[in-house]
Every structure is written in structure tokens, then in C-alpha cells.
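J.: I would like the atomic coordinates for the input below:
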Amino acid sequence: MAKESFDKEIQFLRMLVLTSGAYNRQQFAERLGISVHTFDKTLRRLKEVVAAMHQHIPDAERKEFTEMLRYSYFDSTDPMLLFLFRAKSLKESESQRISTLLAALTNDPLTAMELLDACCQDTHADSSLPDEKTIRNDLKYLEDVGVIKKVPGPRPARYRIDNDVIQGLTFDELVDLYDYVDVMSNTQVPSVQGYLLRDGLKKQMNRTSAELTSIEPFLYKYHYHSRILDEAHLAMLLSAIHQRRKVSFFYFSPKNGQSYSSKNTNPLFEREMEGKSQMTLPIKIVYDHQYGRWYLLTHDSRQGIKKFRMEGMTQLELGEAVDADFFEQKRSELEALLAHSWVIDTGRAVRVKVKFFKPNHGPADFIKGRVLLQGQWGEITEETEDWFIFEIVVNGITEIKPWIRSFGSSCEVLEPSHFRKEMMDEWKELSAYYESVRENI
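T.: Prediction:
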């Protein structure tokens with residue numbers, strides 16, 4: 001798929017998941033900033049992708065696109081939106097050419113010219129023949145991603161498939177590796193590469209043994225669909241940070257009514273877009289585990305540190321590189337601002353003091369265990385048999401408040417006073433929601 005098309009489908013799928021199909025065609029098109037015709041075309045394209053990725057779905061389940069979201073709840077551990085990454089990896093012509101190259105390298109090492117001959121023989125009569133430069137670029141790409149490697153020896157260079165690790169494992173070792181990758185992909189970030197690696201391992205297991213290998217030992221219910229979708233930009237942004245390069249993108253704030261807008265080349269169909277064009281220097285990427293969100297922290301020449309939610313970024317492109325000393329200076333400045341940040345808040349530091357109450361039944365103190373696990377750099381300053389005091393210095397209270405609130409009646413905010421008052425007001429409001437409508441209820 002083209003880059004813009006993938007952006008559109010990312011936003012399309014995000015809205016479909018969040019709204020559970022509650023929008024009609026016109027509402028979807030308005031929110032995405034596209035025409036109803038483009039909406040229908042995108043929907044058809046996604047149906048084709050689903051059919052290609054899941055060919056064993058019964059025909060009855062292919063009638064509605066929303067059935068794809070219900071498919072394989074128990075039958076597979078794939079998150080429902082991973083199919084998009086499998087579909088967008090390469091153009092159709094590239095996919096066919098690379099498949100031919102890998103098939104030719106299955107048995108013996110070959111030179112670039114021998115591979116060119118193999119591609120020309122396999123190309124359809126109505127398709128254009130690849131040239132030597134194209135084949136060499138494909139070989140460089142495959143070598144960079146670790147699929148093939150050069151065979152030592154005189155020129156011209158010969159290439160072979162780099163599968164020594166997989167070929168050297170027994171079937172039991174493959175199963176153990178598969179299970180490990182499966183667990184890590186579903187519990188760690190980033191995860192898309194792990195899912196794709198798991199698919200490759202499963203194919204190798206099926207080639208190695210005739211035993212049934214489709215039974216999954218672990219089943220997951222995936223909650224954070226945006227996490228998978230936002231990983232579409234992750235590799236490019238990490239590369240930009242590593243190379244100290246600026247990036248340009250079109251950004252739609254979460255407060256905007258639109259989440260996408262197509263690039264219209266016809267001036268008769270130009271429309272005003274709610275997003276803003278950005279050119280900035282990426283410095284750090286932060287993942288918020290509580291909400292399943294990715295954040296990009298950057299340096300802007302006019303506004304200093306800027307923060308973007310990656311779900312609102314489209315049309316991402318790499319820009320020019322900056323001086324290494326300048327980049328390290330801005331990185332150090334950002335790290336200093338984030339020293340007491342619960343997630344990405346760079347506001348004024350404040351000391352938060354919370355009293356946690358221990359459960360009065362059972363030997364396991366799950367409250368204290370959770371505080372020690374998730375409390376970051378905070379520490380317990382006082383403790384009795386019934387309660388303990390937890391203190392931490394954080395940049396503002398906005399980001400830590402949901403975490404404290406999640407403990408419910410098992411905690412009490414002591415300091416600062418304005419935070420305590422906010423919590424009291426919130427719990428009073430919640431209490432009012434549950435007041436009896438009639439006296440006899």
C-alpha cells in the first residue's frame with residue numbers, strides 16, 4: 001500500500017474499533033475528512049485484505065466487515081488489526097520479485113546476475129522485466145533485514161538464505177522458542193515484529209514436523225488496539241532519532257473533529273483540513289502502559305519541547321540531519337525535564353503523599369505489592385500493620401491521579417492539599433451518581 005493509504009486505513013480501523021460500528025457511512029467520511037466514495041473504496045480494500053489474510057474464514061463470516069473484529073477471539077492469539085501490517089509490507093511487484101529471489105536461493109548460493117535471470121524467467125509476459133540495479137537493491141534490502149547473507153569467496157558475490165539459527169534447532173527447541181516469542185509479543189512493546197517472527201517460526205515448525213502445531217498454549221484478549229496501529233510509525237521515528245534527523249508529518253490533535261484528511265490533487269475538491277503540518281526534531285518516544293498510547297517528544301526551534309500522540313500523525317517523512325552536539329544538548333535538556341515525570345509531564349515538581357490501607361484478610365498484601373511494582377521511584381516512608389505511607393515527587397498530579405484513583409477506597413491522598421481536595425470532590429460526585437432515585441429503592 002502507499003504511505004497515505006496506510007495512514008487512512010489506520011485511522012479507519014481505529015474509529016471502527018472505538019465506535020463499534022456505531023457511525024454510518026456519512027459520519028465516518030466526515031470524521032476522516034474523506035468523501036463517501038473514498039470511504040466505500042477503503043472498505044472494499046480492507047475486505048480484500050481480510051479475505052487474503054484469513055482465507056479459511058467461512059463465507060458467512062465474510063459478509064460483514066465487522067465480523068473480522070469478532071473472528072479468531074479464541075482460535076488465534078493474533079491481535080485483530082495485525083493483518084494490516086502483513087498487507088502493507090511491500091508493493092505487489094516487489095512481493096512477487098522478492099518471493100522469486102528467495103525461491104531461487106532455497107537450494108544453492110547464486111550471484112546477482114543468476115538471480116536476475118531467474119526473475120526474468122519467472123516474470124509474466126505482460127509485466128516489465130527487472131534490471132540489474134533493481135535486483136541488487138532487493139538483495140541489499142534482504143541482506144539488511146537479515147534474510148540472506150553473502151557467501152565468503154571471490155567475486156562476483158554469491159548470496160544464500162541466512163537461516164542457520166532456525167535450521168540448527170530441533171523441533172522441541174523450535175516449540176520453546178515459539179512459545180517465548182508468543183508470550184513476549186503479547187506482553188511487551190513494541191510487538192509487531194514479534195508477531196511476524198512468530199508467524200515465521202510457526203511455518204518452520206509445520207515444515208519440520210507433521211505434528212499438529214496449530215494449538216496455541218496461551219490465549220490473550222487484546223485491549224489496546226491503538227498500540228498495534230501506532231507501531232506503523234515506530235520504526236521510522238526510532239531511525240530518525242538514531243540518525244538525528246528531523247521529521248515532517250501532518251498532525252491531528254485528539255481534540256479535533258477529524259483524524260485524517262486525504263491529499264487532494266484536484267483544486268476543485270480541495271477542502272480545509274483541521275490538522276497542522278509539523279517539522280520537528282524527534283528526541284524520545286514514550287509508551288503509556290495505562291492507556292496503551294505512544295507519545296513522541298520533540299524539539300521545536302520556536303516552541304521548545306513539543307509532545308505528540310502518535311495516533312494523530314499521518315504522512316510521516318524523514319528530513320535533514322542535525323549536528324550531534326546540538327542533538328545531545330536537547331536530549332539532555334529533555335531528560336532533565338522528565339526526571340520526575342510519571343509519563344511525559346514536564347510541569348512543576350510536587351511531592352505527593354498517599355496513605356495506603358492494607359487488606360484485613362489473607363496473608364498476601366497485594367496493595368503493597370502493586371505499589372512497589374508500579375510506584376516507579378517513590379518510596380514507603382512509614383508503615384504499620386494496617387497501613388503505609390507512600391511518597392513520590394512528580395511533575396504535576398495529572399498523570400499520577402488515574403493510578404492513585406484506581407486503588408479506590410484502599411488509599412487516601414494526604415498531600416498536597418489541592419490534590420486531596422480534588423479527590424474528595426471527585427468521590428463526592430461519584431457518590432451522588434449512586435444516590436437512590438426513590439426512597440424505597
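J.: For the closest residue to residue 398 other than its chain neighbours, give me its contacts.
T.: In space, and not counting its chain neighbours, residue 398 is closest to residue 345: 6.2 Å by Cβ to Cβ, 6 or more residues apart in numbering. C-beta: built from backbone N, CA, C; applies to glycine. Contact analysis of residue 345 by Cβ atoms under 8 Å, 6 or more residues apart in numbering lists 394-396, 398-399.
J.: List buried residues within the residues you listed.
T.: Buried members of the contacts of residue 345, scored by 16 or more other Cβ atoms under 10 Å, are 394-396, 399.
J.: thinking again about what came up before, is the residue nearest to residue 398 located within a helix, as I assumed?
T.: No. With DSSP: H, G, I helix; E, B strand; the rest coil as the criterion, residue 345 is located in coil rather than a helix.
J.: Tell me, what's the model's pLDDT at it?
T.: If you check residue 345, the pLDDT there is 90.
J.: how close does it get to residue 401?
T.: To residue 401, residue 345 is 11 Å away according to Cβ to Cβ, to the nearest Å.
J.: same deal with residue 233?
T.: Distance from residue 233 to residue 401, by Cβ to Cβ: 28 Å.
J.: Which of these two has more residues huddled nearby?
T.: Neighbour count, other Cβ atoms under 10 Å: between residue 233 and residue 401, residue 233 has more, with 23 against 17.
J.: how close does the more buried one get to residue 300?
T.: In terms of Cβ to Cβ, residue 233 sits 18 Å off from residue 300.
J.: now residue 355
T.: 41 Å.
J.: what do you get for residue 153?
T.: 51 Å.
J.: higher neighbour count, the two?
T.: residue 300 (12 against 9).
J.: Tell me the bridge partners for the more buried one.
T.: residue 304 (DSSP bridges).
J.: just the helices in the stretch 301-441 of the chain please.
T.: Assigned by DSSP state H, counting those that start in this stretch, the helices in the stretch 301-441 of the chain fall at 324-337, 366-374, 401-405, 417-433.
J.: Compute the distance between residue 423 and residue 151, please.
T.: 67 Å.
J.: ugh, typo on my part, it should be residue 82
T.: 34 Å.
J.: Neighbour count: those two, which is higher?
T.: Remark: of residue 82 and residue 151, residue 82 carries more neighbours, 22 against 13, as counted by other Cβ under 10 Å.
J.: Let me know whether that one touches residue 192 as I believe.
T.: Yes. Between residue 82 and residue 192 there is a contact under Cβ atoms under 8 Å: 7.0 Å.
J.: Quick check: buried residues in the strand or helix carrying residue 16?
T.: If you go by DSSP states H and E, residue 16 is part of helix 3-19. Neighbour counts over helix 3-19 (16+ other Cβ under 10 Å) mark 6-16 as buried.
J.: Ok, stretch 169-180 next?
T.: In stretch 169-180, counting by 16+ other Cβ under 10 Å, buried: 169, 174-175, 177-178.
J.: centre of the chain versus it, how much separation?
T.: 26 Å (Cα atoms, centre = their mean, to the nearest Å).
J.: tell me the mean pLDDT over that stretch?
T.: Computed over stretch 169-180, the average pLDDT equals 85.
J.: Could you check how far residue 165 is from residue 302?
T.: On the measure of Cβ to Cβ, residue 165 and residue 302 end up 49 Å apart.
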